[in-house]
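1. Take a look and give me a structure for this.
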Amino acid sequence: MEAPAAKAAQRALAIARRATCDPAAAGVRLAARVLRELPPPPAAIVAGFWPMAHEIDIRILLEALAARGQRLCLPETPRLGQPLLFRAWRPGDTLVPGRFGTMHPSGEIVRPDFLLVPLLAFDAAGNRLGYGGGYYDRSLAALPHAFRLGCAFSAQFFEHVPTEPTDLRLNAVATELSVTRF
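-> Prediction:
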């Protein structure tokens, strides 16, 4: 099966797996693991994401990082074919609706050093499967020195994630059960 067809099939399966998970409860456990096992460097600007649908809820992690004085930002999804814009954000800031059901702040555009990356599937090599728009791959390519931490449910692990040359690997993945570095 070619990569686009294999990706489409895996996306459907990953969405079904994710639908059985509890985003808030798993997010609390993920936050504790990240803060204990792989906290961002204090000077890093951390890019989070506002969870959609049944994505793991990392808002408790973002609030804990803000309480530690970490600078934060959230992505804005621009038109197709462009990398994400990362806008400064603090808990309590107003969010505005964006493309594809996303939410983002209207703060200044910043360049993150540490990215919390949403995903549909991941494997033991650090490959990730996203929604198919290529936004994170273009953004990660534009930020080659930024640390890339995937945030997911453990149920989103697959033995193999189909990849193409434009797909960029993660440095680590955090779930409610573990933090795995690649």
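
2. For the residue nearest the centre of the chain, which residues count as its bridge partners?
-> Closest residue to the average C-alpha location of the chain: Val117 at 1.7 Å, with Cα atoms, centre = their mean. Counting by DSSP bridges, Val117 is bridged to Gly150.

3. Name all residues that make contact with it.
-> 49, 128, 136, 140, 148-151, 170 (Cβ atoms under 8 Å, 6 or more residues apart in numbering). For the C-beta atoms, the positions are set from N, CA and C on the backbone; glycine is no exception.

4. residue boundaries of the helices in the chain?
-> Using DSSP state H, the helices found in the chain span residues 3-18, 23-37, 59-67, 135-142.

5. Show me the one of the ones you listed that comes nearest Ser178.
-> helix 23-37 (6.9 Å; Cβ to Cβ).

6. I'd like to know which elements that closest one is packed against.
-> Where contact means 3 or more Cβ pairs under 8 Å, 6 or more residues apart in numbering; DSSP states H and E, helix 23-37 is packed against helix 59-67, strand 172-174, strand 179-181.

7. Deepest-packed of those, please.
-> With neighbours taken as mean count of other Cβ atoms under 10 Å, these reach their highest mean count in strand 172-174, at a mean of 22.

8. Quick check: which ranges of the protein have low pLDDT?
-> 1 (pLDDT under 70).

9. now do 90
-> For the chain, the stretches flagged by pLDDT under 90 are 1-4, 53, 80, 100-101, 132.
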